[in-house]
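A.B. asks: take this sequence and fold it.
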Amino acid sequence: MAARTHLRTGRPGSDFAQLGTLPGLAARQGLLSESGAALLAAIEATQEARRRLERLLIFANLRSDEDTRVGEDTTARKGRAASLSVRYAEAVSWFESEVLEIEPERLAALVASEAGLGLYAHFFENIHRGRAHTLPADQEALLAGAGSCRAAPARSSTPSTMPTCGWAR
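C.D. replies: So this is what the prediction gives:
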């Protein structure tokens, strides 16, 4: 059977490989208010990684709906994609908190200084609208890291791993 290729690039697993830049997203923490260019670069980098991740998740989920008796291990791919999703959430967990820390006047000045930021006016409005539901960056990181734990019960609730009660025999 011929190797399956990525729909867009023609190379198998290219999105997995290109999403290896997730540490670069976390490295932008603390730099958003330095300049309009830094803010725009951070937004574009996180959005590009998110697009790749979403494409990867969709591909993995669609492939898992195919006949799994033939071909690649679609369950493994789906698991890798889910794990990568948690790593992405961890890498960008600080972003909204940091945007909210920028004073409105400073944010307006950053947007005015960088033409490309004008496209993200609604994006900033959405972040500010969610202010009441956004935690400080360290707490957001903790929640993002717990992403893999949230799915654990659903994956491991098989009869052999479920707790048993003394009276249920």
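A.B. asks: quick check: buried residues in stretch 75-83?
C.D. replies: For stretch 75-83, a neighbour-count test (16 or more other Cβ atoms under 10 Å) marks 77, 78, 81, 82 as buried. No exception for glycine: its C-beta is placed from N, CA and C like everyone else's.
A.B. asks: for the first one, phi and psi?
C.D. replies: Translated: residue 77. Torsion angles at residue 77 (phi, psi; degrees, to the nearest 10) stand at phi -60, psi -40.
A.B. asks: among the buried residues of stretch 75-83, which are located in helices?
C.D. replies: Using DSSP state H, the subset of those located in helices is 77, 78, 81, 82.
A.B. asks: what about this structure, any weak spots by pLDDT?
C.D. replies: The model of the chain has pLDDT under 70 over residues 1-21, 23, 67-72, 135, 147-169.
A.B. asks: now the strands for it?
C.D. replies: Under the criterion DSSP state E, the chain contains no strands.
A.B. asks: got a markdown table for the ones in helices among the buried residues of stretch 75-83, with distance to residue 94 too?
C.D. replies: A markdown table is the format used below for these (distance: Cβ to Cβ, whole Å):
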| residue | distance to residue 94 |
| --- | --- |
| 77 | 29 |
| 78 | 27 |
| 81 | 23 |
| 82 | 22 |
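A.B. asks: which parts of the protein are helices?
C.D. replies: Using DSSP H, helices in the chain cover 14-18, 22-26, 36-64, 74-91, 95-101, 104-113, 121-129, 137-145, 147-156.
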